[in-house]
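build me a model:
(one chain, ligands or ions: 2)
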Amino acid sequence: MQKKSDKPAPPEETPLPPPSKKARALHAEIVAGLKGMLALDSATPLDPVFTNAYETILELFGAYQQEILSRSHYQVTCGKNCARCCYHWVADVYSFEAAIIAEHIKQQLPSKIPTLCNALREDAALLQTLDDMLDERVLKDASAHTTEALDRDDLLLEGFYQLRRACPLLDSSGACSIYPVRPMSCRSYVSFSDPLLCDPDTIYYNEVLTCLCTIEQAADDVLEKLHDRYDHCEHDTSLRTLLPYYLEGFRDCILKRVI
Ligand code: SF4
Ligand code: SF4
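Residues are numbered from 1 along each chain as shown. Ligands and ions are numbered 1, 2, ... in the order given. Next comes the predicted model:
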């Protein structure tokens with residue numbers, strides 16, 4: 001999903017080297033696997049044939065990232081229980097990922113669902129409040145003082161990040177409670193600088209070096225088709241607003257404007 005990211009933009013000089021022959025071969029396998037999933041025409045992404053195929057795609061994606069990152073001149077600094085990046089509003093989740101994540105929660109963490117849905121809704125309400133404030137104050141004031149166009153979605157996502165609302169899926173030990181099925185969006189974000197600098201207070205320092213190590217357009221095109229096939233939420237792709245629908249079967253926290 002190569003649309004607006006919820007994470008800071010990659011630096012102009014990317015720490016990612018061009019894909020090696022092995023990386024290109026892995027990416028071709030990803031594209032072929034995704035096309036195979038499209039041809040399956042499963043009625044639901046919870047069809048075991050579909051979920052198994054997607055698990056294989058995620059393994060290939062991990063191998064693809066590993067191959068690219070291992071050839072970088074920089075060292076990845078992401079590690080276990082390092083979770084400042086989980087303050088971000090995860091804006092780009094495919095519909096079938098949300099369905100698979102919700103099923104994982106139903107199977108593994110059923111007792112957490114009511115608390116989780118409350119936290120997700122609280123965050124969605126906060127984002128809506130921020131969005132309304134942007135309408136009323138920030139963009140109006142800014143337009144009076146600058147001729148530069150401000151990216152409204154970026155402002156909104158940055159504002160939410162500064163609130164330090166940890167993703168409700170982060171557990172008390174600082175680990176992702178849905179780690180095996182976490183979205184590609186979360187898997188893509190990597191840092192090469194001191195993890196402490198991923199804090200909202202320091203994320204825009206010059207020495208911060210983060211980037212998105214993600215799939216290329218050919219794979220994204222097929223993922224988008226799969227997303228559209230299973231989309232029941234009017235193109236909403238935010239993790240925090242999609243999950244209550246998939247967990248409880250109805251939508252009561254629809255943002256006025258889908259980011
Ligand atoms: S992006 Fe930053 S906070 Fe997130 S795991 Fe990597 S180093 Fe840690
Ligand atoms: S889904 Fe997991 S990895 Fe992604 S933001 Fe939430 S806790 Fe972090």
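
quick check: the residue nearest to the spatial centre of the chain vs Val93, distance?
Centre of the chain computed as the mean C-alpha position; nearest residue by CA atoms, centre = their mean is Ser185, 3.0 Å away. Ser185 sits 6 Å away from Val93, taking CB to CB, to the nearest Å as the criterion. Glycine gets a C-beta too; all of them are placed from N, C-alpha and C.

wait, the residue nearest to the centre of the chain sits on Trp89?
No - contact criterion CB atoms under 8 Å: Ser185 and Trp89 do not qualify, at 10.6 Å.

show me where this structure has its strands.
For the chain, the strands defined by DSSP state E occupy 189-191, 210-212.

wait, does the first one contact ligand 2?
No - judged by CB under 6 Å from any ligand atom, strand 189-191 and ligand 2 are separated, with a smallest distance of 8.7 Å.

for that strand, what is the distance to the chain centroid?
From the chain centre to the centre of strand 189-191 is a distance of 12 Å (CA atoms, centre = their mean, to the nearest Å).

please name the nearest non-neighbouring residue to Ser193.
Distance criterion CB to CB, 6 or more residues apart in numbering; nearest residue to Ser193, sequence neighbours excluded, is Leu209 at 4.5 Å.

what backbone torsions are found at that neighbour?
phi -130, psi 100 (degrees, to the nearest 10).

local confidence estimate at it?
Note on Leu209: pLDDT of 94.

which residues touch it?
Leu209 makes contacts with 11, 15, 74, 191-193, as judged by CB atoms under 8 Å, 6 or more residues apart in numbering.

roughly how far does it sit from ligand 2?
The gap separating Leu209 from ligand 2 is 20 Å, by CB to the nearest ligand atom, to the nearest Å.

Arg152 now?
Taking CB to the nearest ligand atom, one finds Arg152 at 22 Å from ligand 2.

kindly report the same for Leu223.
17 Å.

what do you get for Cys86?
Taking CB to the nearest ligand atom, one finds Cys86 at 3 Å from ligand 2.
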